[in-house]
Structure formats: C-alpha cells, structure tokens
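Asker: have a look at this prediction, sequence included:
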Amino acid sequence: MKNICCFLVIPLLSELVSGQLKIATVPSLEAYSDGDIKLPCNASLNRNDIKLIWVTWSQATKKVYEYDGYNTKRIVELQGYNVNLTQIHKGDIALTISNNTLTSGVYTFTCEVTEGSSEGRGETALTVREPPPDLPVNAARNVNVTKLPYDLACNVSNLRWNNVETMTLTWKENGIELCFFNGSKSNSQSERCRCDKDNPSYCILRLNEKKSNGDYTCIVTEGKSTGQATMNVKFEVSGNMMMIIIIIIIVVGLGAVVVIFYIKFYCSKRERQSLPSNKDTENHKPEENVSLKNKNTEN
C-alpha cells in the first residue's frame, strides 16, 4: 500500500483568483523522498463538467502533468506524476508524486485549471528531505524468562507513518533468523511475530517453548529507515516445569489410589451381600435333622 509522505503541512490555504475560477493550494509543504507526496489543489468549479476542464501541473517552468478534459486525453504525463481523473469533476486536482521521484531540495509547483473561459492557478513550495537512516528501537538489555508463553518486546519511537503496512520486523536468535513479519502482507501477520496493528511501535516475538540462552535481536524497518535492539535472554523455566510435572504425577497417583480403593471396597461389599447369613444357616439345620430321622425310620 502506498503512503502519502508529508510530515509538515501549513494548514492555511492560499487562494488565487484569475477570472472567475478560485484555486486553493497549500502554500508550503515538507516531505520525505521515500514516500508518495500529495500536493493539494482544489478548484471551485462552476459547472463540474470534466469536458470543460483543462489541467496543468508544472514544476518551475517544466510541465509534469497536463490533461485535456474535452478530448479525455493526457497531453503531458511524466513518470512519477499523476492526477486522479475520477475526482477532477469535483474540483479535486491534487497531484501525487511517487516515492523516490524527487531527491532532496526545494521545488515550486504550480496548479493551473481552466473551465471554459474561467481559469485560475495556485502555487506550492515543496521541500523534500532524505529519510533519516536510523530508526530508534528500544528493548530491555537483560530478560529472564521464567514462564511460557512469553513475549519478547521492542518499541520503536518516532515512526513517520505509524502504520504497520509500511514496516517489516525480523527477530534473530544468536544471529540466526527466527521469523520475519511484513506489514504490507496481511497473511504474514501472526500472533508469534508481529508489530501491533493498533500500536505499530510495539513489536513482539512470542516464545511458546524453551530456546537457547543468548542474544535476541529485534530489527525494524520503516521505508528506508532501519533500527535494531538486542537483548540478552536467559531461560529459567526448567525448574518450574519440573515442579509442575511432579505435582501432576502426584495428583494423578493419588487419584488412582482412591479409585482402586473405592473399587475394592465396592466389590467386597457386594461379595458380602451375596453370602447367606448365619441366621439362615441355623434355620435350615433342624429341617435337615428331621429329614434324616425320617429316612432312618423308613429303613
């Protein structure tokens, strides 16, 4: 996604009237060379008919863009300069200058618009600067990881666009790349390695498992600016994990003992219930004696 690069705009619009057409432009603007630059130009059109409109943008005395609305034809269109034709009939004649079209310096741009017999013009003084080479990235020098998952974080200050779509993020472990995040590609945004969409200055690496102790480096780019920060990371999660495992084993073991005890108790109770009681045995003995006596008598 292209980004309009301008870090200082003087909000007062200059208005020059020639004939009956009023033109409003920004008198001065500053921008970096590595981003798209948009020069506003608004015309108070009388009939809003694009076929009556002729547009010319010039840098000093050189035409960089010219459009004939009647013939729907671009007369001049230098590479890197463009006007949105779908907005001309609304009076929006803004010129977009693609990134890296201009080097550092001061330029004077003129917007000229003709509508029928009415015409008008406006000027903008544009100051272009080279982007700062260094991007300030800050992070803790020493980090002790005592539990997982854990987020290693670095913070970026003085972002020019404050938009993840203009950023990349690389995390390295002892010089070896762990992950890469490209903010302009939505499928690269993950929970493990990313700069926060709502807070682009906050970038993380999520550690879900124990890794090697050593130096972890966060490298961030925005446009042509790059910055990095390195932190020394020590993992101290083994003892805690072992304790957790031991506790789990003890709990599972106690649970198994309780279950076995309950099963034995239940089976023993059922077995006792299935055996005849002593009273039933005594009640049957006299009957057995009588039966024997009868058999002896018959014999």
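Answerer: Yep, it's here. Numbers count the residues shown, from 1 in each chain.
Asker: helix or strand: which one has residue 29?
Answerer: strand 28-32 (DSSP states H and E).
Asker: average pLDDT across that strand?
Answerer: Across strand 28-32, the average pLDDT comes to 94.
Asker: counting neighbours, which bits of that strand end up buried?
Answerer: 29-32 (16 or more other CB atoms under 10 Å). C-beta: built from backbone N, CA, C; applies to glycine.
Asker: go on, stretch 43-51?
Answerer: 43-45, 50.
Asker: tell me the two of the residues you listed that are most distant?
Answerer: Greatest spatial distance in the buried residues of stretch 43-51: 44 and 50, 15.3 Å, computed using CB to CB.
Asker: on the three-state scheme, the most centrally placed residue in the chain is what?
Answerer: Nearest to the geometric centre of the chain sits residue 197, at 3.7 Å (CA atoms, centre = their mean). Secondary structure for residue 197, judged by DSSP: H, G, I helix; E, B strand; the rest coil, is coil.
Asker: spatially nearest residue to it (excluding sequence neighbours)?
Answerer: Nearest non-adjacent residue to residue 197, counting by CB to CB, 6 or more residues apart in numbering: residue 164, 5.4 Å away.
Asker: I figured the one you found was touching residue 198, is that so?
Answerer: No - counting by CB atoms under 8 Å, residue 164 sits too far from residue 198 to count as a contact (9.2 Å).
Asker: more neighbours, these two?
Answerer: Neighbour comparison, residue 164 and residue 198: the larger count goes to residue 164, with 25 against 6 (by other CB atoms under 10 Å).
Asker: how close does that one sit to residue 171?
Answerer: 15 Å (CB to CB, to the nearest Å).
Asker: next up, the contacts around residue 94.
Answerer: 38-42, 83-84, 87 (CB atoms under 8 Å, 6 or more residues apart in numbering).
Asker: try residue 106
Answerer: 125-128.
Asker: among the residues you listed, name the buried ones.
Answerer: Taking 16+ other CB under 10 Å as the criterion, what is buried in the contacts of residue 106 is 126, 128.
Asker: and the two most separated of the contacts of residue 106?
Answerer: 125 and 128 (11.0 Å).
Asker: what is in contact with those two at once?
Answerer: Taking CB under 8 Å, 6+ apart as the contact rule, residue 125 and residue 128 both touch 106-107.
Asker: pretty sure residue 96 contacts residue 80?
Answerer: No - between residue 96 and residue 80 there is no contact under CB under 8 Å: 9.1 Å.
Asker: so for stretch 170-184, mean pLDDT?
Answerer: In this model, stretch 170-184 has an average pLDDT of 93.
Asker: if you could redo that for stretch 133-153, that was the one I meant.
Answerer: Average pLDDT, stretch 133-153: 93.
Asker: and what of stretch 47-64?
Answerer: Per-residue scores along stretch 47-64 average to 94.
Asker: hmm, who's touching that stretch?
Answerer: 39, 41, 45, 65-70, 72, 76, 78, 81, 83, 85, 88-91, 93, 95, 107-116.
Asker: list the helices and strands the strand holding residue 29 packs on?
Answerer: strand 8-9, strand 37-39, strand 118-129 (3 or more CB pairs under 8 Å, 6 or more residues apart in numbering; DSSP states H and E).
Asker: quick one, that strand and strand 118-129 angle?
Answerer: 40 degrees (axes from the mean of the first three to the mean of the last three CA atoms, to 10 degrees).
Asker: from the chain's centroid, how far away is strand 28-32?
Answerer: What separates the centre of strand 28-32 from the centre of its chain is 28 Å, taken as CA atoms, centre = their mean, to the nearest Å.
Asker: and for stretch 116-132?
Answerer: In terms of CA atoms, centre = their mean, the centre of stretch 116-132 is set 35 Å apart from its chain centre.
Asker: isn't the residue nearest to the centre of the chain up against residue 162?
Answerer: No - applying CB under 8 Å, one finds residue 197 not in contact with residue 162, separated by 11.0 Å.
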